[in-house]
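1. 3D model of this:
(chains A and B)
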Number of protein chains: 2
Amino acid sequence: MIAHSAAIDSGSSKSGTRYKLNTPALVLDLDAFERNLASMAAAMRGFGRNLRPHAKSHKCTRIAQAQADAGAVGLCCATLDEAEIMAAAGIRGILITSPVTTEIKILRLVDLVRRGADVMIVADHASNVSALDHAAQAAGIRLPVLVDVELGFGRTGVLTVDAAETLAHQIKTSAALTYKGLQAYGGHLQHIADYARRRALTEQAHRFVATIVDRLVASGLRPQLISGGGTGTSMIDGRTGPLSEIQAGSYIFMDAEYEAISYGEGQVWPYECALFVQTAVISANQAGAVTTDAGTKAFALNGPIPRIVTPGLENAAYEYAGDEHGRVRLEPGMPTPKLGDRIECVVPHCDPTVVLYDAFHCVRGDSIVDVWPIGARGRLVLAP
Amino acid sequence: MIAHSAAIDSGSSKSGTRYKLNTPALVLDLDAFERNLASMAAAMRGFGRNLRPHAKSHKCTRIAQAQADAGAVGLCCATLDEAEIMAAAGIRGILITSPVTTEIKILRLVDLVRRGADVMIVADHASNVSALDHAAQAAGIRLPVLVDVELGFGRTGVLTVDAAETLAHQIKTSAALTYKGLQAYGGHLQHIADYARRRALTEQAHRFVATIVDRLVASGLRPQLISGGGTGTSMIDGRTGPLSEIQAGSYIFMDAEYEAISYGEGQVWPYECALFVQTAVISANQAGAVTTDAGTKAFALNGPIPRIVTPGLENAAYEYAGDEHGRVRLEPGMPTPKLGDRIECVVPHCDPTVVLYDAFHCVRGDSIVDVWPIGARGRLVLAP
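-> Residues are numbered from 1 along each chain as shown, chains lettered A, B, ... in the order given. A predicted model of the protein is given here:
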């Protein structure tokens, strides 16, 4: 269990917290967030690795800027939309971590670079590399490209050492592309609960990447960047293996999903829960339960249930009771929340919960001190 | 199975559809949508019941206006935020279907009415009725209130005939409240797969509501409105029982969840799938599968898997492969989609999928003809 460091008014206030939001609302505890920022930055400095944190977790230019200020070498983006918004906010060193394959998006990508953005892209297929090269030539720019390597998730990336070498060679010899190196991200490794197994599989992935690197070096294709890793494997990727930089995202927030697994052998997570949903009680007619206004439109479902942090209710179970309703099961001895009382929860899974909201309500102790828009969520871009 | 009525280009076009969007993107087939609108309106007219469709499904003022134009008596809203946005667009006859219990929201509610909005609210507790009355008095307005009745979901509403009568009496004798009647919505009844069981439980709920109505009439508290029902029980609620109006929402879109259950004994759904997600292939290195750009940030997870409608791939299974990735499993004989090809899916569960997007791309046949913002999603309102 990780403490909720925002001050909670468990005394005379009717609501349970002193900041009262338009529930359901997303709360970012800035003190905890800043400690998380500093902790990951220090860990990666200690390991001698770069940090290129992932914007898919926050989709927020204010957080991206805070990560840059804390020493990040750039920013990963899962989508072109994220990259456009982050570049417009002045963020440099952007790496788009999935292939961009539609005609429209390839045009937008090269246009983004043409307008001065510092953006790299990954590719895993010869036809995509050709399409990127043609578009970059037509736009009169050079586009930096990394070979995406598959590590066992079965999602994107080249599958073999030969394929990696062939694609790296194609990129390097393309007229308008700059060969930058490799991306090797194991999304399936991040949440393996058993640390020994997570480490074994991560180190197995390291060996595969190292084999590719050896081949590339032998072929005159030495990668400048080897980008990968996430919050769940960051300590393993930091201590050992070939990655030059880590793509962690969730460390700034933590969530119930990461809380449920161990950080390392006998070690507690150096990251605190900083992201909460504030909900309010809207019905209290049932025996042994109250109904809240936060259901499946307020929490991502691909994680554990929300963990309640409101004093006295820490052991109450949260249940979903529809898209707009939650249910808090009360046990004997627990305080019975009244209508309008606020209940706060650690989010189940941070990334897909964040995209359900317009903004982070930034709090310090008892006060809302800022509101940070989640600008890259659900973005609409019409075809040109 | 229900046909996808948008024209699909299965021929020479590389992409599979003629409208090419910023994937993942939400597509509304306007022809199917309009047929659904007309079909439900005609069904309710035939039954002699009013239709007050639910905005929680669409959160879109353009759709609310289309429903009003098709004869709806008003609009249900799940949240105060939805009601504020719909009222600002000129929608009348708004019923907020969950209690509003925090101080801030009660102030916003009475202010909305003070500024001329036509809004009703439900309540299920004496303390909430008192709070609403005090706020309405202070604002110098009259607030119309319905007693919310619990039908077995264990969520909101009074539990007994006595409690319903007591609360109705309190509302009727409150200085600034207008007693309007009952809300009796069984969210747990809508998706019961077995029609006979759905009908039996719905009729059991009808009997409970009828008992309450009898008591209210005997006590001089005859309800003007008895509001409830949804898409799943609409035919049962139409044919029989005490509801004066139906709150259906999903009928305009349909989804894989409703497709999976029967409409009635031996009857097919009179509603067509009108809502789709367009995704694009971003990787094709795996044997027997391609990777798309639509994962758990693109589809609601509390429903069946997305049903693919792209010609040739109708029997391919869609899997989630992370927050930003999907996987389409290919079987022998299926066409192999190429990088950048578009694949369209019926959404798993419409309401919580809609809130993941900024707008509906409205199509007729091959063309995008309009873009309708999903204005009431993820809305931020700071405390006054």
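
2. before we move on, which element is A:Thr156 in?
-> Counting by DSSP states H and E, A:Thr156 is held by no secondary-structure element, helix or strand.

3. need the contact list for it.
-> With contact set as CB atoms under 8 Å, 6 or more residues apart in numbering or on different chains, A:Thr156 has these partners: A:Ser98, A:Pro99, A:Val122, A:Asp124, A:Asp148, A:Glu150, B:Ile282, B:Ser283, B:Asn285, B:Thr291, B:His325. Backbone N, C-alpha and C define where each C-beta goes, glycine included.

4. so what's it closest to, chain neighbours aside?
-> Distance criterion CB to CB, 6 or more residues apart in numbering or on different chains; nearest residue to A:Thr156, sequence neighbours excluded, is B:Ser283 at 4.0 Å.

5. For the one you found, grab phi and psi.
-> Taking degrees, to the nearest 10, you get phi -150, psi 140 for the backbone angles of B:Ser283.

6. wait, which of the contacts of A:Thr156 is closest to A:Asn22?
-> Relative to A:Asn22, the closest of these is B:His325; by CB to CB it sits at 32.3 Å.

7. mind listing what that closest one touches?
-> Contacts here follow CB under 8 Å, 6+ apart; on that basis B:His325 touches A:Ser98, A:Arg155, A:Thr156, B:Ile282, B:Thr291, B:Thr292, B:Asp293, B:Ala294, B:Gly295.

8. State whether the fourth one is indeed within a helix.
-> No - in this structure, B:Ile282 is strand, not part of a helix, as judged by DSSP: H, G, I helix; E, B strand; the rest coil.

9. Confirm for me that it is in contact with B:Thr291.
-> Yes - judged on CB atoms under 8 Å, B:Ile282 makes contact with B:Thr291 at a distance of 5.7 Å.

10. Which positions in the stretch 51-200 of chain A make contact with chain B?
-> The stretch 51-200 of chain A comes close to chain B at residues A:56, A:78-79, A:81, A:98-105, A:124-125, A:127-128, A:131, A:150, A:153-159, A:163, A:187, as judged by CB under 8 Å from any CB of the partner chain.

11. How much space separates A:Lys20 from B:Tyr251?
-> For A:Lys20, the distance to B:Tyr251 under the criterion CB to CB, to the nearest Å works out to 37 Å.

12. nope, A:Arg62 is what I meant
-> As judged by CB to CB, A:Arg62 and B:Tyr251 stand 41 Å apart.

13. out of those two, which sits in the more crowded spot?
-> Neighbour comparison, A:Arg62 and B:Tyr251: the larger count goes to B:Tyr251, with 28 against 19 (by other CB atoms under 10 Å in any protein chain shown).

14. got a list of what the closest residue to A:Gly230 other than its chain neighbours touches?
-> Setting aside the residues directly before and after it, A:Gly230 is nearest to A:Gln190 in space (CB to CB, 6+ apart), at 4.4 Å. By CB under 8 Å, 6+ apart, the contact list for A:Gln190 reads A:Gly230, A:Thr231, A:Gly232, A:Thr233.

15. Report the contact partners of the residue most central in space within chain A.
-> Residue closest to the average C-alpha location in chain A (CA atoms, centre = their mean): A:Ser57, at 2.8 Å. Under the criterion of CB under 8 Å, 6+ apart, the neighbours of A:Ser57 are A:Gly249, A:Ser250, A:Ile252, A:Phe253, A:Cys350, A:Asp351, A:Val354.

16. For chain B, state which of the residues you listed is nearest.
-> Nearest to chain B among those, counting by CB to the nearest CB, is A:Asp351 at 5.2 Å.

17. helix/strand/coil for that closest one?
-> Three-state assignment for A:Asp351 (three-state DSSP): helix.

18. got a list of what it touches?
-> Contacts of A:Asp351 (CB under 8 Å, 6+ apart): A:Lys56, A:Ser57, A:Gly249, A:Ser250, A:Ala300, B:Lys297, B:Asp323.

19. Turn those residues into CSV, columns for pLDDT.
-> Converted to CSV, the contacts of A:Asp351 look like this (pLDDT from 0 to 100):
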residue, pLDDT
A:Lys56, 97
A:Ser57, 98
A:Gly249, 97
A:Ser250, 96
A:Ala300, 94
B:Lys297, 96
B:Asp323, 95
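
20. closest to B:Ala136 among those residues?
-> Among these, and counting by CB to CB, the member closest to B:Ala136 is A:Ala300, at 37.2 Å.

21. Just list the residues touching A:Cys76, thanks.
-> Residues in contact with A:Cys76 (CB under 8 Å, 6+ apart) are A:Arg52, A:Pro53, A:His54, A:Ala55, A:Lys56, A:Ile94, A:Leu95, A:Ile96, A:Thr97, A:Ser227, A:Gln247, A:Gly249.
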